[in-house]
Structures are given as C-alpha cells and as structure tokens.
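**Q** need a structure here:
(one chain, ligands or ions: 2)
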Amino acid sequence: MVETLNTVILSDSPRGLRAGAGLLRRGELVAFPTETVYGLGADAGDDRAVAKIYAAKGRPRFNPLIAHVADAEAAERLAVFDEEARRLAAAFWPGPLTLVLPVREGARLSSLVTAGLPTVALRVPAHPLAHALLAEFGGAVAAPSANPSGRVSPTTREHVMEGLGGRIAAVFEGGACPVGVESTILGFGEGGPRLLRPGGVPAEAIAEILGRMPVPAGAGAIEAPGQLASHYAPAATLRLDAAGPTREEAWLGFGPVESLQPSLNLSPAGDLAEAAANLFAHLRALDAMAAAAGLSRIAVAPIPEQGIGVAINDRLRRAAAPRE
Ligand code: TXA
Ligand code: MG
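**A** Ligands and ions are numbered 1, 2, ... in the order given. Have a look, this model is predicted:
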C-alpha cells in the first residue's frame with residue numbers, strides 16, 4: 001500500500017522553488033514540467049527516495065531512470081564523456097536529448113537509478129522551471145515521466161494529478177509541455193552512437209552533428225529496458241495509418257481530413273511539432289470522448305515518418321500494441 005499524501009501544488013516563485021527543493025532534500029517525490037513531459041523527481045543519490053518513484057508508478061525495478069542535471073558540468077561529474085558525447089551535449093543541451101554513458105567512479109547515484117547497470121542516462125532539460133528547480137536543489141534528480149507505469153505520459157499538471165495525486169508530495173504548475181514527446185535516448189556502443197528511443201531531437205539533427213545517422217537499437221535484446229512493446233496505453237484500442245474512421249471508431253486526425261465521428265486533430269495544418277505537442281493530451285481526451293460515445297476504438301491518421309514524426313509513430317505503435 002502506498003500511503004495517501006496531500007499532494008501540494010507549487011508555483012515557480014522563489015518560495016515555490018525553495019519548497020520543492022526542500023522536499024527533494026527530505027527524500028520526497030516532486031513532479032515538475034520539462035519541455036518534453038512532466039517528470040516525477042527524486043534525489044538521485046538517495047536510495048529510499050528513488051525507491052518511492054518505483055512504488056508510486058508501479059514501475060518494474062529493472063527499468064532504469066534518467067538523471068536530470070542543471071548543466072553539462074554537473075553531468076560530467078556523474079558520467080564519463082567521450083568526444084562525440086561532448087559534441088552532442090554542446091549541440092543539444094539544454095534540450096530533449098538523453099545520453100547513456102559509463103558511470104563515473106564515486107558518482108553520488110543510487111544504484112536504483114541505473115538498475116545496477118554500469119551506465120547512467122543523463123539529460124539537461126531546457127524548461128525554465130525544471131532548470132530553476134535543479135539549480136535550487138543543487139544535485140541530480142532522477143525523473144521518469146510522471147504517470148503510472150504503462151499509461152499515457154503527462155503533459156500538464158492536471159494529467160499528473162489524475163495519475164499520481166495522493167501518491168506524491170508535490171507537483172509544480174508549469175502549463176503544457178512545449179515538445180510533448182519524451183527525449184531522444186542515445187547509447188554509445190562498439191559500433192558508435194545507437195538510437196535507443198526516438199524523441200524530441202530528430203535523428204536527422206543528430207546526424208548533422210556526428211556526420212552519420214545513429215544506428216537504430218537492435219530489435220532483439222531490450223537495450224533501453226523501458227522500451228516494452230505495450231506502453232502509453234489508452235483504454236480504447238488504436239487502429240493506425242487509417243484513411244478515416246468507421247462508424248464504430250473515434251478519429252485522431254492529422255492534416256485537413258474531417259469526420260462526423262467524435263474526433264480531435266493533432267494538427268489540421270499537418271505540422272509535426274504541433275502534432276507532437278498535442279499527442280498525449282489528445283490521446284487522453286479522445287479516449288474519454290470515445291468512452292462517452294460508447295466507442296472502444298480510435299482510428300489514427302497516418303503521420304509522416306520523418307523528424308519528430310518518428311517519435312510520434314513510435315509512441316502510437318506502443319499505444320496500439322496488444323496489452324501484456
Ligand atoms: O523526456 C524524458 O526523457 C522524460 C522527462 C521527464 O525527462 N523522462 C522519461 O523517463 O521519459 P522514462 O523513465 O519514462 O524513460 C527513461 C528511459 C527508459 O526507457 C529506460 O529504460 C531508459 O531511459 N534508460 C535509463 N537508463 C538507462 C541505461 N543506463 N541504459 C539504457 N537505457 C536506460
Ligand atoms: Mg515513461
């Protein structure tokens with residue numbers, strides 16, 4: 001049983017930031033906005049605090065967490081960077097890129113953050129509130145997306161409260177997340193940089209810095225242990241790449257196709273960045289609209305497989321995958 005807490009809503013005022021950092025120091029869970037999705041934060045050096053993340057989310061313990069830090073210098077104190085990792089950090093931090101690198105000896109990191117792996121996932125978020133909280137706290141904050149494991153990621157404070165209200169000490173009010181899909185995760189193996197999860201930074205942008213495309217992670221072994229097939233699951237089942245809805249389906253559009261069925265449009269203008277920012281909120285809202293109309297399926301328009309569209313399609317495929 002997770003005890004019921006009175007989840008406090010904090011603002012980005014100096015007082016709110018001091019309160020949030022104070023709760024983190026005392027080993028409590030604090031949710032906060034990043035440019036991608038809301039994160040569920042705990043002091044990354046405190047075993048008991050990090051254990052609370054797994055309990056609050058119902059997250060499997062073999063699935064490691066991302067450590068968030070205020071700047072690249074703080075990241076270098078936790079992990080060993082090679083030349084390519086440094087170039088990527090310089091190009092994309094602060095921003096939606098996560099680098100998986102060897103843990104530096106003596107780093108103050110709970111082994112629950114890395115799930116016992118010799119590597120740690122690191123990211124410097126660009127959201128001003130996330131940055132202010134990390135600077136005020138002064139250490140690394142472990143933060144997965146602030147949703148119950150397997151469900152749709154939160155892009156507003158209200159989404160966080162829906163899923164985790166009463167299970168966490170506090171949540172910051174920071175409005176809607178501007179990017180809307182999680183960070184791109186890169187690992188560094190023998191054969192060079194590997195794309196462990198498509199996300200907010202398109203692979204094409206990474207290729208411009210490195211001079212080659214990152215290798216997609218193998219389909220066999222789960223390299224980013226969290227990349228289970230079924231994830232981001234709404235209640236309704238999804239039918240992807242649909243030309244339009246049947247009478248039994250709600251419709252998630254992209255581009256100018258209209259429908260008489262219950263529907264929402266990711267971007268009527270066909271803009272991929274707008275579609276990414278709307279994705280999770282629209283999935284939640286349309287799920288509720290479908291249920292209210294007695295429909296158990298959502299048809300989804302095709303999304304171009306380029307730029308951030310790759311991350312959108314990845315999340316849609318996981319949302320559509322058969323449940324475990
Ligand atoms: O945008 C984001 O990345 C958000 C915000 C809150 O920063 N966070 C997020 O965390 O998406 P989460 O826990 O939902 O996803 C973290 C992913 C998981 O798939 C996990 O398996 C992978 O990162 N990961 C963490 N540490 C790893 C490691 N050492 N090696 C490989 N994969 C790792
Ligand atoms: Mg997640």
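
**Q** could you pull out the helices for this structure?
**A** According to DSSP state H, the chain carries its helices in the segments 14-25, 47-57, 72-76, 83-92, 111-114, 128-137, 157-164, 203-210, 272-292, 309-320.

**Q** quick one: which of those helices is nearest ligand 1?
**A** Closest approach to ligand 1 among those is made by helix 111-114 (5.4 Å; Cβ to the nearest ligand atom). Every C-beta, even on glycine, is put in place using the N, C-alpha and C of the backbone.

**Q** what's in contact with the closest one?
**A** For helix 111-114, contacts defined as Cβ atoms under 8 Å, 6 or more residues apart in numbering pick out 44, 47, 50-51, 54, 61, 64-65, 67, 103, 120, 142.

**Q** Let's have the helices of the chain in TSV, adding distance to residue 150.
**A** Shown next, in TSV, are those (distance: least, Cβ to Cβ, whole Å):
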stretch	distance to residue 150
helix 14-25	25
helix 47-57	9
helix 72-76	29
helix 83-92	28
helix 111-114	19
helix 128-137	24
helix 157-164	11
helix 203-210	26
helix 272-292	14
helix 309-320	10
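
**Q** Give me the residue ranges of this structure where confidence is low.
**A** Scanning the chain for pLDDT under 70 picks out the ranges 1-3, 218-230, 324.

**Q** Give me every residue in it lying close to ligand 1.
**A** Contact residues, the chain versus ligand 1 (Cβ under 6 Å from any ligand atom): 34, 36-37, 39, 63-66, 96, 98, 100, 114, 117, 119-121, 123, 143-145, 182-183, 185, 196-197, 224-227.

**Q** Give me the buried entries from the residues you listed.
**A** 34, 36-37, 39, 63-66, 96, 98, 100, 114, 119-121, 123, 143-145, 182-183, 185, 196-197, 224, 226 (16 or more other Cβ atoms under 10 Å).

**Q** show me what contacts the closest residue to ligand 1 within the stretch 51-200 of the chain?
**A** Residue nearest to ligand 1 within the stretch 51-200 of the chain (Cβ to the nearest ligand atom): residue 144, separated by 2.9 Å. Residues near residue 144 by Cβ under 8 Å, 6+ apart: 39-40, 53, 57, 59, 65-66, 226.

**Q** hang on, the earlier thing: could you turn the buried ones of the contacts of helix 111-114 into a PyMOL selection?
**A** A single PyMOL command suffices to select whichever of the contacts of helix 111-114 are buried according to 16+ other Cβ under 10 Å:
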select buried, resi 44+50+54+64+65+67+103+120+142
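
**Q** Can you convert the contacts of helix 111-114 into JSON lines and add a column each for distance to residue 85?
**A** Shown next, in JSON lines, are these (distance: Cβ to Cβ, whole Å):
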{"residue": "44", "distance to residue 85": "19"}
{"residue": "47", "distance to residue 85": "27"}
{"residue": "50", "distance to residue 85": "24"}
{"residue": "51", "distance to residue 85": "29"}
{"residue": "54", "distance to residue 85": "27"}
{"residue": "61", "distance to residue 85": "27"}
{"residue": "64", "distance to residue 85": "18"}
{"residue": "65", "distance to residue 85": "19"}
{"residue": "67", "distance to residue 85": "15"}
{"residue": "103", "distance to residue 85": "13"}
{"residue": "120", "distance to residue 85": "12"}
{"residue": "142", "distance to residue 85": "20"}
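
**Q** What is the nearest of the contacts of helix 111-114 to residue 128?
**A** Among the contacts of helix 111-114, residue 67 lies closest to residue 128 (Cβ to Cβ), at 19.6 Å.

**Q** Show me what the closest one is bridged to.
**A** Judged by DSSP bridges, the bridge partners of residue 67 are residue 122, residue 142.
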